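Novice: A structural model of the following input is requested.
(chains A and B)
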Amino acid sequence: MSTSVPIVDYLVLGDQPHLVANECTACGARFFDRRNACANCSEVEFHKVDIATEGEVTSFTIVTFAAPGVPVPFVSATVNANGTTVRANLINVEASPEHVKLGMQVKLATYIMGTDDNGTEAVAFGFEPAN
Amino acid sequence: MSSNDVWILGINMTKFGKHPDKDAIDLASEAAMAALKDAGVSLKEMGILAYGNLVGQTSGQMLQKQIGQTGIPVFNVSNACATGATALKTAIMAIKSGECDMGLAVGVEKLAGAGLLAGGSRKSDGNVYTPQGRYGAIAATDGRIGTDTMPGTFAQVGMEYGHKYGGATFEDFASISVKNHGHSTLNPLAAYTKAMSLEEVMGDMMIAYPNTRPMCSANCDGAAAAVVVSDAKLKTLSLEQQRRAIKVSASVLTSDPYQEACQVLPDVNTLTKLAAREAYEKAGIGPDDLDLVELHDCFATAELVHYDNLMLCPEGGAVDFLKSGAPYRTGKTPVNVSGGLQSKGHPIAATGIANIWEICHHLRGEAGPRQIEGAKVGLAHVIGLGSACGIHVLEKSGL
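Specialist: The predicted model follows:
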């Protein structure tokens, strides 16, 4: 049986893959990596929260010229997931302005990105059209 | 009776473009010596040197060895694309503090031929996945979790504005680039001086939708330098020096206050609005009083949002402002008559002084064929991702 690892530690795998953030206990500001103190209110207590897996595309670009080794085209976007903004690629949609629209409803999706020498699968995420 | 005002006494920018035979210190020396000559003063009279060279990492001390080691304090500053404005503000603060009565600020960059400035190149994934760094990433994330490139990042900045307020099309963004490339034909110091049609801009190589290649700032070589002086010292200088001096009515630098999402997609809006509000208040000048504006059009998508951030239009009205013709050199509030970063070029640390040179040139009535007639007040804006925003409001001498 192969094991899986997420592309980043804020992606939680399992039956219902989702993203997690560190939420400031005092003001509710959310961060995908660690903070010594909250960037908003400077308080120091955080707890983990699950991020909604559905949301709305609030901005995007279709990258057709990227650093060497990065396959193009791809769609980079920001998604408003029930009040928390997430950065992700849009996947399972044609990378063209005719198919990607501001305000479109999307949902989190995962895919196997590759397998290493130990047979461990890397799982990445993106957002795909909800309908 | 002198005030606490600080004035630009002399200023210069080199030709922007390719300078294969000159290194950063050569270019910085050229701009610094020309600014001193323009000011009619000598290096020995400078009480401070503030120096910026973001990518090249040369220092003010290296410039001193090239043009004169006088023992004065040197501040080597680094603030992304706002590095030049930061160097200028450092010199202005030194004068306002009373530590000296004249100072020199220099910004220089050698970028001709540089490609994408962020993102690097992707290494192949490791043989064994091992979580690394702040996000425990087991592989490169650029291109897999959004984009790290500047054209892509700023494309999203413009698209976000379109989502919030509606109605910003590819054609709208491209027409900003048409305007700036048109303006550049009158600027002999610009890296590119070729007018482009809407069809040419939209049909060029797509970099990151909706930014095509001519909608991106041009990497190039260049330097700019300014000599600043206290009000009291200026009054001891010649009438001609006083007449050509440009008053710094506001010199503001901000960083971005926390906003939801600002750590996901850089928020270039909030800190620019804060800086603009503070600058207008300090200068006692409103956006309607501006005769010209040089703003940070690192990408066409960025220029649109800054119409709004600098309050040149009502909130949400940037597209209407553009379509009204206001930001054209013949319009109500000419924006980027130098050609902007898309055609004049963007040698990063030089940009925040070069845009002030452009404003000064017009306020002095020395801009030749591209002169904005009767210009008395101008605003120069830069933003560096991270973020840092510098705004200077400049006024013509009353003499």
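
Novice: phi, psi of B:Glu303?
Specialist: When quoted as degrees, to the nearest 10, the phi and psi of B:Glu303 stand at phi -60, psi -40.

Novice: so it makes contact with B:Leu295?
Specialist: Yes: the pair B:Glu303 / B:Leu295 is scored as a contact, 6.5 Å apart, by Cβ atoms under 8 Å. In this view, the C-beta of every residue, glycine as well, is placed from N, C-alpha and C.

Novice: and the closest residue to B:Asn269 other than its chain neighbours, how far from chain A?
Specialist: Spatial nearest neighbour of B:Asn269, excluding adjacent residues (Cβ to Cβ, 6 or more residues apart in numbering or on different chains): B:Asn309 at 5.3 Å. Going from B:Asn309 to chain A by Cβ to the nearest Cβ, to the nearest Å gives 16 Å.

Novice: and B:Asn309, how many neighbours does it have?
Specialist: A count of nearby residues for B:Asn309, using other Cβ atoms under 10 Å in any protein chain shown, gives 25.

Novice: got the contact list for it?
Specialist: Counting by Cβ atoms under 8 Å, 6 or more residues apart in numbering or on different chains, B:Asn309 touches B:Val268, B:Asn269, B:Thr272, B:Lys273, B:Ala276.

Novice: from memory the first one sits against B:Val305, does it?
Specialist: Yes: under the criterion of Cβ under 8 Å, B:Val268 lies in contact with B:Val305, with a separation of 6.9 Å.

Novice: any shared contact partners between these two?
Specialist: Common neighbours of B:Val268 and B:Val305 (Cβ under 8 Å, 6+ apart) are B:Val157.

Novice: B:Glu358 belongs to a helix, doesn't it?
Specialist: Yes: checked against DSSP: H, G, I helix; E, B strand; the rest coil, B:Glu358 lies within a helix.

Novice: ok, the closest residue to it other than its chain neighbours to A:Phe60 distance?
Specialist: Excluding the flanking residues, the one nearest B:Glu358 by Cβ to Cβ, 6+ apart is B:Ser338, at 4.3 Å. The gap separating B:Ser338 from A:Phe60 is 31 Å, by Cβ to Cβ, to the nearest Å.

Novice: repeat that for B:Asp148.
Specialist: Here B:Asp148 is placed at a distance of 15 Å from A:Phe60 (Cβ to Cβ).

Novice: between those two, tell me which one has more neighbours.
Specialist: Between B:Asp148 and A:Phe60, counting by other Cβ under 10 Å, A:Phe60 is the more crowded of the two (27 against 20).

Novice: quick check: nearest residue in space to that one, chain neighbours excluded?
Specialist: Nearest residue to A:Phe60 in three dimensions, chain neighbours excluded: A:Ala77, at 3.9 Å (Cβ to Cβ, 6+ apart).

Novice: and the one you found, what pLDDT?
Specialist: A:Ala77 is assigned 98 on the pLDDT scale.

Novice: residue contacts, it?
Specialist: With Cβ under 8 Å, 6+ apart, A:Ala77 has these contacts: A:57-61, A:87-90, A:100, A:106, A:127, B:146, B:156.

Novice: in TSV: the residues you listed, plus pLDDT and secondary structure.
Specialist: Converted to TSV, the contacts of A:Ala77 look like this (pLDDT from 0 to 100; DSSP: H, G, I helix; E, B strand; the rest coil):
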residue	pLDDT	secondary structure
A:Val57	98	strand
A:Thr58	98	strand
A:Ser59	98	strand
A:Phe60	98	strand
A:Thr61	98	strand
A:Arg87	98	strand
A:Ala88	98	strand
A:Asn89	98	strand
A:Leu90	98	strand
A:Val100	98	coil
A:Val106	98	strand
A:Phe127	98	strand
B:Gly146	97	coil
B:Gln156	98	helix
